[in-house]
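Participant: Build the 3D model from these lines:
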Amino acid sequence: MPRMTMIESIRSAMDVSMARDENVVVYGEDVGFFGGVFRCTHGLQQKYGVSRCFDAPISEAGIVGTAIGMAAYGLRPCIEIQFADYMYPAYDQIVSEAARLRYRSNGDFTCPIVIRMPTGGGIFGGQTHSQSPEALFTHVSGLKTVVPSNPYDAKGLLIAAIEDPDPVIFLEPKRLYNGPFDGHHDRPVTPWSKHELGEVPEGHFVLPLGKAAIRREGSACTILTYGTMVHVAEAVAEETGIDAEVIDLRTLVPLDLDAITASVAKTGRCMVLHEATLTSGFGAELAALVQETCFYHLEAPVRRVAGWDTPYPHAQEWAYFPGPARVGQALREIMESR
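Facilitator: Purely as a prediction, here's the structure:
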């Protein structure tokens, strides 16, 4: 299989989907002629024409609103919000229209749209280009939420999202676009070409939504995480010598609760790790589910490690980012607690 960056695998997913189904259309800010601010759609307009890959005005509400109308009439829009931070003007359309259309019409209409958004920090984007708003979507009935951690998953999950009959929020950790990131910002960047999950099939393949992956097997503690934090968790387990099991959730809704409960029942301890702010983050839902379903297996309280309850700082990027030092300290404390 060829080696791809996450940018290339996402582009490949859209390319394959557009070739298989003429109802798939791709658009957003700078998506057409320029090929996207991160180059994820580069070459698609030249290949499929301006009627299937095109630029949209700077109006997130307009981008999502038109996609909902297209979907109601049989198209399958895969649209891009340039940064997840910019989705707020479109939030009413996402929540009140896209997520409700199947229910409101008693199943007469569905809304097969994918909303792609680069998410998270680690690129010195400050408070306006670094947010992780996944919990704002997981809270809304009718939406599916996907967060891949590598090129292989990104392609398989994006094709599955495009083929899904309901709206899917597809959050792409921008720090992972060109290589895995273990949180050691002071070390050289590792490219995807040197990582096994950089191998991606060229043609059509689907990873089902709602299935987690065990990235590292272990017996001492379960780490539930997704996106960039998967690589941080793997690095911390190796560096601390603690035999942690790392679960990459991949999709937050639907959630693979069976994989979670099986792991926690085995290890007896659980850390929930995400980059988003702590209070009311998706980690709170995970912690509640673990407490409800695994209470008699737990040997210590569930521990959440997350971003601080502040906007992402401009000057102190790595003080905010849950890096190896903070995650490692929390993991050691979990192992010592009873």
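
Participant: Run a quick check on residue 16 versus residue 204, I expect a contact.
Facilitator: Yes - here residue 16 lies in contact with residue 204, judged by C-beta atoms under 8 Å, at a distance of 5.1 Å. Quick note: C-beta positions are derived from backbone N, CA and C, even for glycine.

Participant: what's the closest residue to residue 10 other than its chain neighbours sitting at in phi/psi?
Facilitator: Closest residue in space to residue 10, ignoring its immediate chain neighbours: residue 40 at 4.9 Å, by C-beta to C-beta, 6 or more residues apart in numbering. Dihedral angles of residue 40 (phi, psi; degrees, to the nearest 10) stand at phi -70, psi -20.

Participant: Next, the contact list for residue 40, please.
Facilitator: Residues in contact with residue 40 (C-beta atoms under 8 Å, 6 or more residues apart in numbering) are 7, 10-11, 14, 80, 116, 172.

Participant: go with 7 Å
Facilitator: Contact partners of residue 40, counting by C-beta atoms under 7 Å, 6 or more residues apart in numbering, are 7, 10-11.

Participant: Show only the entries of these found in strands.
Facilitator: With strands identified by DSSP state E, none of the entries of these belong to them.

Participant: Pick the one among these closest to residue 293.
Facilitator: Closest approach to residue 293 among the contacts of residue 40 (C-beta to C-beta): residue 10, at 33.4 Å.

Participant: To what extent is residue 176 buried, counted in neighbours?
Facilitator: 25 (other C-beta atoms under 10 Å).

Participant: Show the pLDDT at it.
Facilitator: Each residue has a pLDDT score; the one for residue 176 is 97.

Participant: how about the helices in the protein?
Facilitator: 6-20, 44-48, 60-72, 91-92, 101-104, 134-138, 151-163, 229-240, 257-267, 282-294, 317-320, 324-336 (DSSP state H).

Participant: The second one - contacts with which helices or strands?
Facilitator: For helix 44-48, the packing partners by 3 or more C-beta pairs under 7 Å, 6 or more residues apart in numbering; DSSP states H and E come out as helix 6-20, strand 53-55.

Participant: Comparing these, which comes out most buried?
Facilitator: Across the helices and strands packed on helix 44-48, averaging neighbours per residue (mean count of other C-beta atoms under 10 Å) puts helix 6-20 on top, at a mean of 23.

Participant: Residue 261 reaches residue 292, doesn't it?
Facilitator: No - in this structure, residue 261 is not within contact of residue 292 by C-beta atoms under 7 Å, at 9.8 Å.

Participant: Which of the two has more residues huddled nearby?
Facilitator: Counted by other C-beta under 10 Å, residue 261 and residue 292 do not tie: residue 261 has more neighbours, with 17 against 10.

Participant: Now do the shared contacts for residue 16 and residue 204.
Facilitator: In contact with both residue 16 and residue 204: residue 159, using C-beta under 7 Å, 6+ apart.

Participant: still on that earlier bit, residue 123: which of the contacts of residue 40 is nearest?
Facilitator: Residue 123 lies nearest to residue 7 out of the contacts of residue 40, by C-beta to C-beta, at 13.4 Å.

Participant: Look up the pLDDT of that closest one for me, please.
Facilitator: Looking at residue 7, its pLDDT is 98.

Participant: Same question for the one 5 residues further on.
Facilitator: The score at residue 12 is 98. That number is its pLDDT.

Participant: Grab the nearest non-local neighbour of it.
Facilitator: residue 155 is the one closest to residue 12 (C-beta to C-beta, 6+ apart), at 5.7 Å.

Participant: Quick check: that neighbour touching residue 7?
Facilitator: No - using C-beta under 7 Å, residue 155 makes no contact with residue 7, being 11.1 Å away.

Participant: which residues are in contact with both of these two?
Facilitator: Residues touching both residue 155 and residue 7 by C-beta under 7 Å, 6+ apart: none at all.

Participant: show me the contacts for residue 42.
Facilitator: Remark: with contacts taken as C-beta under 7 Å, 6+ apart, residue 42 is in contact with 11, 35-36.

Participant: Among the helices and strands packed on helix 44-48, which comes closest to residue 124?
Facilitator: When these are compared by C-beta to C-beta, helix 6-20 sits nearest residue 124, at 18.6 Å.

Participant: For that closest one, output the C-alpha coordinates as PDB.
Facilitator: Only the C-alpha atoms of helix 6-20 are listed here, as PDB (Å, rounded to 0.1, in the frame of the first residue of the first chain):
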ATOM      1  CA  MET A   6      -3.400  12.500   6.600                       C
ATOM      2  CA  ILE A   7      -3.900  15.400   4.100                       C
ATOM      3  CA  GLU A   8      -3.400  13.000   1.200                       C
ATOM      4  CA  SER A   9      -5.600  10.200   2.700                       C
ATOM      5  CA  ILE A  10      -8.500  12.700   3.200                       C
ATOM      6  CA  ARG A  11      -8.100  13.900  -0.300                       C
ATOM      7  CA  SER A  12      -8.100  10.300  -1.500                       C
ATOM      8  CA  ALA A  13     -11.300   9.600   0.400                       C
ATOM      9  CA  MET A  14     -13.100  12.500  -1.400                       C
ATOM     10  CA  ASP A  15     -11.600  11.600  -4.700                       C
ATOM     11  CA  VAL A  16     -12.700   7.900  -4.400                       C
ATOM     12  CA  SER A  17     -16.200   9.000  -3.300                       C
ATOM     13  CA  MET A  18     -16.600  11.600  -6.100                       C
ATOM     14  CA  ALA A  19     -15.600   9.000  -8.700                       C
ATOM     15  CA  ARG A  20     -18.100   6.400  -7.400                       C
END
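
Participant: No more questions from me, cheers.
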